[in-house]
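> Just the structure for this:
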Amino acid sequence: MRGQAYTLEGVLAAIVVVTATVYGLSAVDTGPFQTGAQQRTAALETRASDTLSLAAETGALHNATACYSVGTPTLNGNQTGSSTEFERMLNRTFDRQGEQYNLYFSYSDSGVRQTVLASQESDENVAERPADAAVATETVTLTDNMPARIGDCSGTGPPLSAVGGYFAPDAKPDSIVYNVVEVRLVVW
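Numbering: from 1, shown residues only. The predicted structure is shown next:
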């Protein structure tokens, strides 16, 4: 009888020790144990996600996806001349710190997902981005009656349903939803 009691006491003590160890490890901040590259990627990911969220909340992301120039999205990544509010946000957040980014718009075209490079980075820069680049995404729903942004993106044009040559087609012609665009920001 005593042997069983000691065995049961030992098992319960082991459970308590393991539980305390797991709880203690979850309370420890492992940030200092990350490498510099991991910390930088985590910081970039947070900034990219925050930038997209703020742009979505203020409508700047919506306006950027509705901006077109000769059938392609207009985000040129330079800090001079006219630009959208979203482009100015990217300039302040990444360009001024010397960080590179690519912006992709993914949309439905006849039931197939298509992706276009919305920032004017060369294909060479796209191929060179490191595997540990930070990625953030946000979704924008475009409607048929949403005005297109034309020229330098400061003026509004006709509704998207009346625009020819817009980068994304009307995915649901019998619905008010024009298309759903996933905006993906890749920063390194």
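> ranges for the helices of this protein?
2-27, 36-58, 60-65, 85-93, 123-128 (DSSP state H).
> pLDDT weak spots in this protein?
Judged by pLDDT under 70, the chain has its weakly predicted residues at 29-34, 68-83, 120-129, 150-152, 154-155, 164-165.
> Look up the residues forming beta bridges with the residue lying closest to R113 once chain neighbours are set aside.
Spatial nearest neighbour of R113, excluding adjacent residues (Cβ to Cβ, 6 or more residues apart in numbering): S106 at 5.7 Å. C-betas here are computed from N, CA, C, even on glycine. On DSSP bridges, the residues paired with S106 through beta bridges are T115, E182.
> Show the contacting residues for S106.
113-115, 181-182, 184 (Cβ atoms under 8 Å, 6 or more residues apart in numbering).
> again, only this time at 6 Å
With contact taken as Cβ atoms under 6 Å, 6 or more residues apart in numbering, S106 is in contact with 113, 115, 182.
> What of S49?
Residues touching S49, when contacts are defined by Cβ under 6 Å, 6+ apart, comprise A136.
> re the thing from before, save the helices of the chain as TSV, and put in distance to V140 too.
As requested, the helices of the chain are exported to TSV (distance: least, Cβ to Cβ, whole Å):
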stretch	distance to V140
helix 2-27	36
helix 36-58	7
helix 60-65	5
helix 85-93	11
helix 123-128	22
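> Nearest approach to A162 belongs to which of the ones you listed?
Nearest to A162, of all the helices of the chain, is helix 60-65, at 16.9 Å by Cβ to Cβ.
> That closest one: which residues count as buried?
Using 16 or more other Cβ atoms under 10 Å as the test for burial, helix 60-65 gives 60-65.
> and which of these is nearest T7?
After measuring those against T7 - Cβ to Cβ - the closest member comes out as L61, at 62.5 Å.
> measure the closest residue to that closest one other than its chain neighbours to S106 for me?
In space, and not counting its chain neighbours, L61 is closest to A55: 3.9 Å by Cβ to Cβ, 6+ apart. According to Cβ to Cβ, to the nearest Å, A55 and S106 sit 16 Å apart.
> what does Q100 give?
20 Å.
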